[in-house]
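Asker: no FASTA, just this:
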């Protein structure tokens, strides 16, 4: 079995690279591996090595959070595009979202 510190360090490096490159497949594969490696860190007596890993993980956390937000935004946009098939979505003067067909009564206004 590999050293859990080295394994975790390598996984953190892979995750950082994958997040920078937008490699969602690698992210999905490595996160469960990181969880498993993290469970083995409890037996590591070297506090300095654990502190270094903790610092790397803390630095990576906002990158992964931003990646997750980007994925959510992309999914939301895909849902909007799919919804557009049923009609163009517009906003009323009151700020409510509606289909463009519902707003055709104002068509001659301009």
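Answerer: On my side now, so go ahead. Bear in mind that the values here come from a model prediction, so they are computed numbers and not experimental data. Numbering: from 1, shown residues only.
Asker: Let me know the secondary structure of the spatially most central residue of the chain.
Answerer: The centre of the chain sits closest to residue 68, judged by C-alpha atoms, centre = their mean, with a distance of 1.1 Å. Of the three states, residue 68 takes helix under DSSP: H, G, I helix; E, B strand; the rest coil.
Asker: Flag the shaky bits of this structure, pLDDT-wise.
Answerer: Counting by pLDDT under 70, the chain has low-confidence residues at 1, 101-110.
Asker: Please tell me I have it right and residue 18 contacts residue 28.
Answerer: No. Contact between residue 18 and residue 28 fails when scored by C-beta atoms under 8 Å: they sit 9.2 Å apart. (C-beta placed from N, C-alpha, C; glycine too.)
Asker: Residue 71 belongs to a helix, doesn't it?
Answerer: Yes. Counting by three-state DSSP, residue 71 is found in a helix.
Asker: Do a quick rundown of the helices in the chain.
Answerer: Remark: helices assigned in the chain by DSSP state H are 4-21, 24-40, 47-84.
Asker: Mind checking those for the one nearest to residue 98?
Answerer: helix 47-84 (12.4 Å; C-beta to C-beta).
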